[in-house]
Structures are given as structure tokens and as C-alpha cells.
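[1] A predicted structure for the sequence below; I have some questions about it.
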Amino acid sequence: DVMASYVRVRIEADKAACPVLLSNGNLVEKGDLGGGRHFAVWQDPFPKPSYLFALVAGDLGSIKDSFTTKSGRKVALEIFSEHDKVGQLDWAMASLKQAMQWDEERFGLEYDLDVYNIVAVSDFNMGAMENKGLNVFNTACVLASPTTASDADYERVQGVIAHEYFHNWSGNRVTCRDWFQLTLKEGLTVFRDQQFSMDMTSEAVKRVEDAGALRAYQFPEDSGPMAHPIRPESYIAMDNFYTSTVYEKGAEVIGMYQTLLGRVGFRKGMDLYFKRHDGTAVTCDDFRAAMADANGVDLTQFERWYTQAGTPQVKASGTYDAAARRYTLQLEQSCGPSPGQPTKLPYHIPVRVGLLGRANGKELCAERVLELREERQEFVFEGISEAPVASILRGFSAPVKLVFDQSDEELAFLMGHDTDSFNRWEAGQKLFTRTVLANAEAVRAGRPVTVPGPLLDACRRTLEDPVAERSLKAYALTMPPLATLAEETTTVDPESLSVAARQTRREMAKALRASLEAAYRDNLPVPGQPFRVDQEAVGRRRIKNVCIDYLVELEDQPAIALALQQVKSESSTLTDVLAATAALASCSSAGTAAREEALALFYSKYAKGNDLLFCKWLRIQAGADFDDCLARVDALLQHPDFSIKNPNKARSLIGAFSGNLRRFHAADGSGYRWLADRLIELDKINPKSAARMASAFASFRRYDSARQALMRAQLERVRDTPGLSKDSFEIVGRSLKDD
């Protein structure tokens, strides 16, 4: 909270070795010093805390452009990278200009300096950093071209470029009083970049992606020993709180303000926040106060989202009175214990609700946002002409777990008829979850897996729907990730859950083969059409690649040949090649030869000599489900292109394997021993990365007793390593606490 003015930063260096000299603010002077040396002087007129200071000196290439603000000022834009990567910077520049214009239009926020610089380097330990006027990026969040980036990469670059730019106001002009307030800038800025991405792509698709990621990564964090409020109370190493809870759950909390206040009310709150606090270091309470004061509402109870850890559960039940034409919805909230928080007080939860007619899905009344503030509340809907199908928590209006007893038929109905796109997807996810968990029980009992008719029928209708947005169709057909499915179990059984998921997909592929093959053909690229990343083109690739993923599960010759053809085809985009390679990577028996051919081809054609694509090649193998996966991953440590010192490569191999539910959690503990060895090695090189990867052990108590003992032994071995960093010690210590 020490806001200092850096009115004169002078840099001197050898001109041949470091022709580029950059710092925060505006360049006010530069020149030669003689003897092969030169200098540059930078001035930042805006006070800032020291963590936003940056200095760059080196030999870099760049691209240049400009942006004219709404007040008519011309801002010089420049993005720097290593010389051989300059050809991959154009998308980042276009994204930056889109973000600058969007922030003016949506929030009235104009850029304040004469220059805006971005520097991208390969060995940066994080994704990016919002240093005032001089953002520093990992190349993974900047570089994009048709031959080097997938659709997901393009969207990531666009989102992260915007995120760091948006920090100019939400993080720089108004910054945090202390690190406990980290979500003040990060939760708010993630929310802003999510809203930007919705406007640049598809609101419905982006909401599904964000909610899915929250469930896969943040919900498990909230249910384990690393659970913490979005505004933590204490820490040993602050780096360990750059978490999904602080960022993504923090963004959901910001989103709830907008849901409660409406977009106009939220903008009023934002305007007041920046008016009150520009140039100062403030707290989460100051933001909440601005939202309350600007709208004349009481948000006192809402503070519990900042102070309480854990994921609340909302139970719903409904009754219909035909004579009174009245539907009554009962909502009940609870939240289980978290470390240091055995009991929780009720949250202030916005619950968006719609009621649908059973005949045709027609809305029976206007959608409402219910405000659940007590442990139990009833909400009455008058004038309802028939017993409705309730659509609850539309748009994922709060980061909670909804428990609502609905039949397979009702879920299939919502999947096909709900007017809320998120809840259409959600109904399918619930059907998938119910099916896979039942099949996991069948696997344990030695019974065959089955797929209920309503799920198959709903998926068939989705595949054959000529109107639905293609990306939404692709996500509707995609099973929840294993991490999300595991959250729905009391004791995680990695083997039966993984086997059940694959066998369920195989049975679905058998039943839907004709529809899958037809959808695949219908979405093949048009010959000679240029590469595009608009939503229509991206959607075509998404649905096509979901189809190939299902078909490869059959592991018969036609399906394997189709996937291999997609890997080899010159008309395939990188997205298509990656999808087909990943699908083949988990093949065994009949598909083993095709798996090895696809992986070898991807390396020789794409990954060799390109670090970012090499990382994708590592990640595919580390996350694959085949018998000798660990042996393969261990051998890749010796690959001449691999270096554990490079953060991207370490994450792509070691981090990805620790997320491989079946192979990391092998019953003999080999995966645990391997990861502990890597953590001990990595901690000496990059303690921040080691600490983050150590969190793979954090949920060990959710497994069977044998696996618990094996993981505990490795955690203790890491903990007892001489010279262990405070970063790793905190994660390991919290995981073992109360043992």
C-alpha cells in the first residue's frame, strides 16, 4: 500500500547486447553514451506499489501499432518477443486493441499513458504480469498463428491479453492494501476478462466453459485441506494463494453482484468504486461498499462470500397447487466444515429460476432472481397454469452445488427445451454424471455398463439438431471430466471411475455411431477455405472433434483409420491434429500402432523445434490412459527437448501426469513415488512450481485407506527433505495437518 511515484527510471546497457531498454510509463529520453553503450529514461506519472515496477533489457524483436482513445489520444502499442517468434504476435495485438475499445464502451475506462508495451519470454514462471504500461508475459499467452496455435490457444491469448490490460484500472490505478485483498484485483479482473470473452465469442459457450473449469479445479480445492476464503486470513508463502479460489471463485463472487444488481446497477457500483479510490490502495470491503452505496442496498451479509471457505450446497424441492395455480419452491442452504471453520453462517445467494411447461418448454412466468439469505426459505410463484418443470440456478448464478431431485426424463426434457442455454448443458451433465457413477458401481460388481435411453435419445437429438450453436452441441455431448465426477463420490475409486467413464463412452459410440459419423462428415472443412477463428468455424471443429473422440473409443479399424487420417491430412488445422492425436493416445490393443504413429508424426511435424507445441505433445502423453503411461512419462524426462528448469515443460509433463486420475493413482503407489521424486528435484530449482504441483496430494484423504497410506508416506518424505522451500512446506504441511 506504499504508492510511490517513479518519476525517473534511467537504464544503461551495452547497445549490441541489449538494444531494447524498457520500463514503466512513458519514454522521455534516450541516447548513446559512447563506447558501445546507450541509455533510456522512463517516467510513470501514476503512483504505484513496488510490485508493479518492471524493467526489461535485451535483444528482442517486435511489432508496432496504435490505438486512439475515445478522447482522441493516440497510444503507441508495441509487443516484443524473441526474434524468431515475431511472426506469431499479430493476434495478440488485435486482441489488445479489442480490449482497449471494449473497456471504454463497457466500463468507460480509458488508457492513461502514451505507450503500452508487452514483452513475451519463454521462461516466465507465471502466465502474465500487469506491470504498469509494461506487461510481462509467458509466450504461451501471447503467441498464436494457424500452424502453431489451437482454437483454445487463440481464445486463451485473447483472454489473457485482455486480463492484463484490464488490470490497468482494476489492480493498478486502484490496487490492493495488502496481499490478503488479492481477490479484489484478481477476482474482479477475471470477471472482466470473462465478460470481454463472452462479447468477443459467445456468451453461452463462455459461461459453460467457465463453470466447467470452476467445478473441475476450484470445487476440489474448496473441499480439501487447501480450502481458504477468497480473502485468506493467513499465509506462509503468498505465492501459494494465487489459486483458483482467489481468481475464479473470486470472479464468481463479482458476478453475483451483477446478478443481484443488474448490469446497470453493477456499472453504477464500478463507477463509484473508481471515483472514490483512484490512485489508492484499498480493500474488498471498499468494493462491496461502493456496490451497496451506488445502488442503495444492504450487502452486509454478502461479506460471508469473502470470509468463509467451502462450496455451499443448495437443496431444492417444489410443490404445485393446481387449484390455486401456485408453485412453491423450497430452498435450503448449507456449507460443510473447512480448515479452521467448523461451522458456517448462511450466505446471500442469488438463484435464477425459470418455470417451463411440460408440453413444449414454454416459459410459464417471467424468470426471477431469488435471494436466498436464510438456511431455509420458500418462494411462491402465482398464476402458474400447470405443474412446471423447474429450471434452477440458471446461468450458474452462484458458485454452489445444487441438489434437486429430477428424473432422467425431466433432465432429458430440460436438455432439449430449457430456454437457458447453461441449464440445457447442465441437464446433460447431470445425466452423464448419474450414468457414469452408476456404471462405476457396476464395474466394481463385475456387471456390464449400461446407458439409459433418455441420455442416448437426448444426445442423438443434439447431434441431429440443425439449429443449435455448434460449440454448445459439442459441450452438451462432452462428459464431465473425471475430476468433476470424482467430486460427486464419497471415496474416490480411480480405477472403477476411469473404466466406467471409458466404457460408458464406448457404449454411447456404439449406439450413436451413425449420428456421430454423419455429424463428423457434415462438419468437415470446406476445401480451399482459409483458416478462421470465428465462432462458426470453431464450432464446426469442436463438434467434429467430439465425434472423433467418441468413435475412437470403439478401437475398430474404420474409427482408428479416420482419426489417423485427420492427423495426417494437410487440410487439418492444428486443433484437428491435436484432437485426433489425443484421442488416439489412450488407445491400446488394436489402436496401439496408430497411437505411436500419431505421436511420432506430431513430434516430427509440429513439436520439434517449437517449445509450445512440444509442451502439448508432452501433455497429451502424460494425460493419456494406457498401461505403460508412467514408464512413458518417466522416459520423457530424458528427452533432449525437455528441461525441468523450463516452467512450461515441467507443468506439461509433471503437472499433467499428476492430473491423470487412473495412472497417477495406480494402486501400487508408483505414481506417488514418481511425483515425490520430481517435487524434491523441482523444489531446488523452482519452488513456486513445485508447491503448486504438490497440491496433487492435497486431497489424499478422499481415497481408500491403502492409497491414503501411500500418499501420506510420500508427503512425509517431501516434508522431511532438508532445505525444503517455504512454498512447498506450506502446501505439504497443510495437506498433512491433523494427521
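    That came through, no problem. Residues are numbered from 1 along each chain as shown.
[2] for the spatially most central residue of the chain, which non-adjacent residue is closest in space?
    Geometric centre of the chain, nearest residue: A213, 4.6 Å, by C-alpha atoms, centre = their mean. Using C-beta to C-beta, 6 or more residues apart in numbering and skipping the chain neighbours, the partner closest in space to A213 is E248 (6.7 Å). Just so you know, the C-beta spots here come from the backbone N, C-alpha and C atoms, and that holds for glycine as well.
[3] can you confirm the one you found is in a strand?
    No: secondary structure of E248 (DSSP: H, G, I helix; E, B strand; the rest coil): helix, not part of a strand.
[4] counting neighbours, what do you get for it?
    23 (other C-beta atoms under 10 Å).
[5] also R502?
    Using other C-beta under 10 Å, R502 has 18 neighbouring residues.
[6] and it, helix, strand or coil?
    Applying three-state DSSP: R502 is helix.
[7] quick check: it vs A559, distance?
    14 Å (C-beta to C-beta, to the nearest Å).
[8] next SSE downstream of the helix or strand harbouring N423?
    Using DSSP states H and E, N423 maps to helix 421-445. Next in sequence after helix 421-445, counting helices and strands by DSSP H and E, comes helix 453-464.
[9] hey, C-alpha coordinates of that following helix in PDB?
    What follows is helix 453-464, C-alpha atoms only, in PDB (Å, rounded to 0.1, in the frame of the first residue of the first chain):
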ATOM      1  CA  GLY A 453     -32.400 -44.400 -23.100                       C
ATOM      2  CA  PRO A 454     -33.200 -40.800 -22.200                       C
ATOM      3  CA  LEU A 455     -29.500 -39.900 -22.300                       C
ATOM      4  CA  LEU A 456     -29.000 -41.600 -25.700                       C
ATOM      5  CA  ASP A 457     -32.100 -40.000 -27.100                       C
ATOM      6  CA  ALA A 458     -31.100 -36.600 -25.900                       C
ATOM      7  CA  CYS A 459     -27.600 -37.000 -27.300                       C
ATOM      8  CA  ARG A 460     -29.000 -38.200 -30.700                       C
ATOM      9  CA  ARG A 461     -31.300 -35.200 -30.900                       C
ATOM     10  CA  THR A 462     -28.400 -32.900 -30.000                       C
ATOM     11  CA  LEU A 463     -26.300 -34.300 -32.800                       C
ATOM     12  CA  GLU A 464     -29.000 -34.000 -35.300                       C
END
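[10] touching that helix from outside, list them.
    Helix 453-464 is contacted from outside by 408-409, 411-412, 415-416, 428, 431-432, 435, 468, 473, 476-477, 508, 511-512, 515-516, 518-519, 547, using C-beta atoms under 8 Å, 6 or more residues apart in numbering.
[11] now do the contacts for the nearest residue in space to F614 that is not next to it in sequence.
    Nearest residue to F614, sequence neighbours excluded (C-beta to C-beta, 6+ apart): A607, at 4.3 Å. Taking C-beta under 8 Å, 6+ apart, we find A607 in contact with L613, F614, K616, W617, D641.
[12] would a markdown table of those with distance to T343 be doable?
    Shown next, in a markdown table, are these (distance: C-beta to C-beta, whole Å):
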| residue | distance to T343 |
| --- | --- |
| L613 | 50 |
| F614 | 49 |
| K616 | 45 |
| W617 | 48 |
| D641 | 52 |
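[13] out of the residues you listed, which one sits closest to D668?
    Among the contacts of A607, W617 lies closest to D668 (C-beta to C-beta), at 27.1 Å.
[14] what's the nearest residue to that closest one if we skip its chain neighbours?
    A607 (4.1 Å).
[15] since we're on the nearest residue in space to E130 that is not next to it in sequence, how many residues are nearby?
    Leaving aside its sequence neighbours, E130 sits nearest to H167 (C-beta to C-beta, 6+ apart; 3.5 Å). Residues near H167, counting by other C-beta under 10 Å, number 25.
[16] next, the buried residues of stretch 668-686.
    669, 671-672, 674-680, 682-683, 686 (16 or more other C-beta atoms under 10 Å).
[17] what's in contact with it?
    By C-beta under 8 Å, 6+ apart, stretch 668-686 touches 125, 630, 633-634, 644-645, 647, 650, 654, 657-658, 660, 663-665, 689-691, 693-694, 696-697, 707, 710-711, 713-715, 717-718, 721, 723-725, 727-728.
[18] so where's this protein shaky on pLDDT?
    237-238, 739 (pLDDT under 70).
[19] is it true that R325 touches P388?
    No: with contact defined as C-beta atoms under 8 Å, R325 does not reach P388; the gap is 11.0 Å.
[20] what's the helix or strand for the residue nearest to R215 when sequence neighbours are not counted?
    In space, and not counting its chain neighbours, R215 is closest to T484: 4.8 Å by C-beta to C-beta, 6+ apart. Per DSSP H and E, T484 falls inside helix 482-486.
[21] what's that helix in contact with?
    Under C-beta under 8 Å, 6+ apart, the answer for helix 482-486 is 212, 215-217, 219-220, 433, 436-437, 492, 494, 497-498, 501, 659, 661-662, 702.
[22] go again with 6 Å.
    R215, A216, V436, V492, L661 (C-beta atoms under 6 Å, 6 or more residues apart in numbering).
[23] list just the nearest of those residues to P342.
    Closest to P342, out of all of these and judged by C-beta to C-beta, is V492, at 23.6 Å.
[24] measure that closest one to D704 for me?
    8 Å.
[25] count the residues that sit near A13.
    There are 18 residues near A13, going by other C-beta under 10 Å.
[26] how about the nearest residue to it, chain neighbours excluded?
    A57 (5.0 Å).
[27] returning to what we had before: now the strand or helix carrying the residue nearest to the centre of the chain against helix 421-445, angle please.
    Following DSSP H and E, one finds A213 within helix 203-213. Orientation check (axes from the mean of the first three to the mean of the last three C-alpha atoms, to 10 degrees): helix 203-213 against helix 421-445 gives 30 degrees.
[28] next, the buried residues of helix 203-213.
    A204, V205, K206, R207, V208, E209, D210, A211, G212.
[29] R447 versus the last one, what's the distance?
    Right, the one you point to is G212. Taken as C-beta to C-beta, the span from G212 to R447 is 30 Å.
[30] hey, where'd the helices end up in the stretch 51-200 of the chain?
    Taking DSSP state H, counting those that start in this stretch to define them, one finds helices in the stretch 51-200 of the chain at 90-107, 151-166, 182-200.
[31] between the ones you listed, which one is nearest to G34?
    helix 90-107 (35.2 Å).
[32] for that closest one, packing partners?
    strand 61-68, helix 151-166 (3 or more C-beta pairs under 6 Å, 6 or more residues apart in numbering; DSSP states H and E).
[33] out of those, which one sits most buried?
    helix 151-166 (a mean of 23; mean count of other C-beta atoms under 10 Å).
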